[in-house]
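Chemist: I need the structure of the sequence given here:
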Amino acid sequence: MVSETGSDGRKSTAIATGTAALLEQLQSQLPAPWLKTVSDQLNQFQDTVLAYENKLHYAELKIQVLEERLRLQRIAKYGTGSEKLSDEQLELLELEPGVSTVEVEAESKREPLPPKGKTSQRHPGRQTLPADLPRVEHIIGCPAEQCVCRSCGQETKVIGYEESEQLDVKPAQYFVRVTRREKRACKRCEENGVVTAPLPPRIIEKGLVSDELVIDTIINKYADHCPLYRQSAILQRDAGVEVSRATMDGWVLQVGELLIPITAAMRRELLSSAYLQADETPVPVQMQDGRGKHHQAYLWQYGSPGGTMVFDFRLGRGRDGPRQFLGSFHGILQTDGYAAYDRVGDDGVVHAACWAHAIRKFKDAVKVNPADTAAITIVTLIEELFAIDAHAREQKLDQAARHQLRQEYAPALLEEIRQQIEVARKSALPASVLAKACDYTVGLWPRLICFLEHPELELSNNCAENSMRPIAVGRKNWLHVGSAQAGPKIAAILSIIESCRRHKIPVRDYLRDVLPGLADAAIQRVAELTPAAWAARHR
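Modeler: Below is the predicted model:
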């Protein structure tokens, strides 16, 4: 039903008024039976017209919503550069097969941007290379004609050097490491036999490759996203050694199994903290059931901002995953609002939401309708909210000072955001992108304003999302997890690599120090081998 307000109400009122006026004119000219027949037909005609008007209005609303969805899908298909293109330009891209993102970006820059005010910025100057990198000097001597004075003909002397630096690289060199262990015996006491120097602990006992090559394989795949079949081809090309992908896969799974106890200790570290962020992402898994289809499993990520994080592999996206991992956690849990996190931990859990997710939904509304002033206004206000924390970072304020800054500026800004959302929702179509953004934000409002009471809380869950990006890049390269049994082992490797990145420690040095002999390490020592504990010892 269309409400009797606005243009639809005025149309129906005009039709009713015109019908009444016509019947009044015919009343004196027609007999009562004929007048009743004409009146019934006119009323039926009026109802038909109104019904068609309602259908037309509904169709227009539906077309608008579908056009919004289509524009969002096209923007997702052609990349962020396509946000600036009109619907007509996006439609032309659909008709051109094989269009590249470079072409889309060029098309988006076709029209000049509005001029910006000139700002005087000093050029940062030539970039300097890190002082801790080793230096290899290469001295270039002057040619013979420059070694003789042009005036007197005497030999010139070196008075100094003109220096410049370039970052250089030495290509990987493959070699065979030959380990020779001493064997000793006493010639006078032959009954004591022969003793041999003990072998140092290794990651893959009696393996064909060294620990360094195993670690290199792990880092290449899960930090640099190079799948095993490519690494196998590189070894064949550069070293002439054929190592099958299945063999490499065995190295990966063995390392993952070794790291599972460490990630269990990392989980205990996390659950003892007062503030966690969580997120999840799908990952395809090969199922050994003969169907030949991938199962969509999930990697759930839990971490403290700037600290330890752990990936938890699950075959589903149900609430059992976070419930089992978080156990009796009773601190702050910041998520994107997914309902699976609602009933986890004990009664003391404080659920917080993410402003980055909220602003992203309003930005989607701007993408589908660049002239939507309501959405633009809300985006601008939320950006001002983020600007408060950005100012705190620029001034290097501590948590207490940042909280004071928030208390001074955020409440009035939040009230303005809430009012603008309520106004925008009244005029938005129920199924439109803007309406969904408004409903999402208002529905999570108590969780979004938690930062006013908890100084440690970040405005966004971006730290957790940034940890997911390597997974998204990796999926495009190594495509899937080989089996459900391999999932927890892969999750352990990814947990170590991402935690090392967060703690700013070299993952290669960490694995080189921890992995050899880990299989025989006492369980009591595992807590000392987490990236956080390792970083504390090496600082």
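Chemist: rounded mean pLDDT for stretch 474-482, please.
Modeler: Here stretch 474-482 scores 77 as its mean pLDDT.
Chemist: mind checking how far the host helix or strand of Ala491 is from the chain centre?
Modeler: In the assignment (DSSP states H and E), Ala491 maps to helix 487-503. Centroid separation for helix 487-503 versus its chain: 16 Å, with CA atoms, centre = their mean, to the nearest Å.
Chemist: which SSE is immediately downstream of that helix?
Modeler: Using DSSP H and E, the first helix or strand after helix 487-503 is helix 507-514.
Chemist: dump the C-alpha coordinates for the next helix or strand after that following helix into CSV.
Modeler: As assigned by DSSP H and E, the chain's next helix or strand after helix 507-514 is helix 531-537. C-alpha atoms of helix 531-537 as CSV (Å, rounded to 0.1, in the frame of the first residue of the first chain):
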residue,chain,number,x,y,z
PRO,A,531,56.8,-14.5,19.8
ALA,A,532,56.0,-12.2,22.7
ALA,A,533,58.3,-14.0,25.0
TRP,A,534,61.0,-14.3,22.3
ALA,A,535,60.7,-10.5,21.5
ALA,A,536,61.1,-9.7,25.3
ARG,A,537,64.3,-11.7,25.5
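Chemist: in helix 531-537, what's buried?
Modeler: Under the neighbour-count criterion of 16 or more other CB atoms under 10 Å, helix 531-537 has Pro531, Ala532, Ala533, Trp534, Ala535 buried. From N, CA and C alone the C-beta is placed, and that goes for glycine too.
Chemist: please apply the same query to stretch 378-395.
Modeler: By neighbour count on 16+ other CB under 10 Å, the buried set for stretch 378-395 is Ile378, Val379, Leu381, Ile382, Leu385, Ile388, Asp389, Ala392.
Chemist: and those residues, which of them are in helices?
Modeler: Secondary structure assignment by DSSP state H places Ile378, Val379, Leu381, Ile382, Leu385, Ile388, Asp389, Ala392 of the buried residues of stretch 378-395 in helices.
Chemist: can you redo those as JSON lines with distance to Ser273 and pLDDT?
Modeler: Shown next, in JSON lines, are those (distance: CB to CB, whole Å; pLDDT from 0 to 100):
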{"residue": "Ile378", "distance to Ser273": "33", "pLDDT": "93"}
{"residue": "Val379", "distance to Ser273": "33", "pLDDT": "92"}
{"residue": "Leu381", "distance to Ser273": "32", "pLDDT": "93"}
{"residue": "Ile382", "distance to Ser273": "28", "pLDDT": "93"}
{"residue": "Leu385", "distance to Ser273": "25", "pLDDT": "93"}
{"residue": "Ile388", "distance to Ser273": "25", "pLDDT": "93"}
{"residue": "Asp389", "distance to Ser273": "21", "pLDDT": "93"}
{"residue": "Ala392", "distance to Ser273": "22", "pLDDT": "92"}
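Chemist: which of the residues you listed sits closest to Ser304?
Modeler: Asp389 (17.6 Å; CB to CB).
Chemist: and the gap between the closest one and Ala533?
Modeler: 30 Å (CB to CB, to the nearest Å).
Chemist: same check, this time on Thr380
Modeler: From Thr380 over to Ala533 (counting by CB to CB), the distance is 45 Å.
Chemist: also Val423?
Modeler: 52 Å.
Chemist: any weak-confidence spans in the stretch 1-150 of the chain?
Modeler: Filtered on pLDDT under 70, the stretch 1-150 of the chain yields the residue ranges 1-36, 38-40, 42, 58, 60-61, 68, 74-126.
Chemist: same thing but 80
Modeler: Within the stretch 1-150 of the chain, the ranges that satisfy pLDDT under 80 run 1-127.
Chemist: going along the chain, name the helices of the stretch 301-450 of the chain.
Modeler: Remark: helices assigned in the stretch 301-450 of the chain by DSSP state H, counting those that start in this stretch are 320-326, 355-368, 373-394, 399-427, 433-443, 445-448.
Chemist: now those helices in a markdown table, with distance to Arg230?
Modeler: Below are the helices of the stretch 301-450 of the chain laid out as a markdown table (distance: least, CB to CB, whole Å):
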| stretch | distance to Arg230 |
| --- | --- |
| helix 320-326 | 32 |
| helix 355-368 | 34 |
| helix 373-394 | 39 |
| helix 399-427 | 45 |
| helix 433-443 | 40 |
| helix 445-448 | 43 |
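Chemist: the stretch 151-300 of the chain: strands as residue ranges?
Modeler: 183-185, 194-196, 275-286, 294-303 (DSSP state E, counting those that start in this stretch).
Chemist: for those strands, could you give me TSV that also reports distance to His503 and mean neighbour count?
Modeler: Putting the strands of the stretch 151-300 of the chain into TSV (distance: least, CB to CB, whole Å; neighbours: other CB atoms under 10 Å) gives the following:
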stretch	distance to His503	mean neighbour count
strand 183-185	43	10
strand 194-196	39	10
strand 275-286	16	20
strand 294-303	11	20
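Chemist: so which of these gets nearest Asp520?
Modeler: Nearest of the strands of the stretch 151-300 of the chain (CB to CB): strand 194-196, 19.1 Å.
Chemist: direction included, what does that closest one pair against?
Modeler: Here strand 194-196 is paired, per DSSP bridges, with strand 183-185 (antiparallel).
Chemist: pLDDT score for the residue nearest to Gly487 when sequence neighbours are not counted?
Modeler: Nearest non-adjacent residue to Gly487, counting by CB to CB, 6 or more residues apart in numbering: Phe313, 3.7 Å away. Confidence at Phe313, expressed as pLDDT, is 94.
Chemist: ok, Phe313 - contacts?
Modeler: Phe313 makes contact with Val283, Ala297, Tyr298, Leu299, Trp300, Val481, Gly487, Pro488, Ile490, Ala491 under the criterion CB atoms under 8 Å, 6 or more residues apart in numbering.
Chemist: give me the lowest-pLDDT entry from those residues.
Modeler: Of all the contacts of Phe313, Val481 carries the smallest pLDDT score, 84.
Chemist: can you report phi and psi for it?
Modeler: phi -90, psi 140 (degrees, to the nearest 10).
Chemist: what number of residues lie near Gly141?
Modeler: Close neighbours of Gly141, defined as other CB atoms under 10 Å, add up to 8.
Chemist: surely it is within a strand?
Modeler: No. Gly141 sits outside any strand when classified using DSSP: H, G, I helix; E, B strand; the rest coil, being coil.
Chemist: which of the helices of the stretch 301-450 of the chain sits closest to Gln44?
Modeler: Comparing the helices of the stretch 301-450 of the chain by CB to CB, helix 399-427 comes nearest, at 34.3 Å.
Chemist: now do that closest one: distance to the chain's middle.
Modeler: Taking CA atoms, centre = their mean, one finds helix 399-427 lying 26 Å from the centre of the chain it belongs to.
Chemist: name the helices or strands packed onto it?
Modeler: helix 373-394, helix 433-443 (3 or more CB pairs under 8 Å, 6 or more residues apart in numbering; DSSP states H and E).
Chemist: about what we covered before: wait, which of the ones in helices among the buried residues of stretch 378-395 is closest to Gly331?
Modeler: Nearest to Gly331, judged by CB to CB, of those is Asp389 at 20.5 Å.
Chemist: leaving out the residues flanking it, which one is nearest to that closest one?
Modeler: Leu459 (5.7 Å).
Chemist: pretty sure that neighbour sits in a strand.
Modeler: No. Read with three-state DSSP, Leu459 is coil and lies in no strand.
Chemist: for it, list the residues it contacts.
Modeler: Cys354, Trp355, Ala356, Leu385, Phe386, Asp389, Phe451.
Chemist: list just the nearest of those residues to Ala522.
Modeler: Using CB to CB, the contacts of Leu459 come closest to Ala522 at Cys354, 40.7 Å.
Chemist: OK, contacts around the closest one?
Modeler: Gln334, Thr335, Asp336, Gly337, Leu448, Leu459, Ser460, Asn461, Asn462.
Chemist: any idea which of those is the one closest to Arg181?
Modeler: Set against Arg181, the nearest of those by CB to CB is Asn462 (52.0 Å).
Chemist: any chance of CSV for the ones in helices among the buried residues of stretch 378-395, columns distance to Leu413?
Modeler: Shown next, in CSV, are these (distance: CB to CB, whole Å):
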residue, distance to Leu413
Ile378, 12
Val379, 13
Leu381, 6
Ile382, 9
Leu385, 6
Ile388, 8
Asp389, 12
Ala392, 15
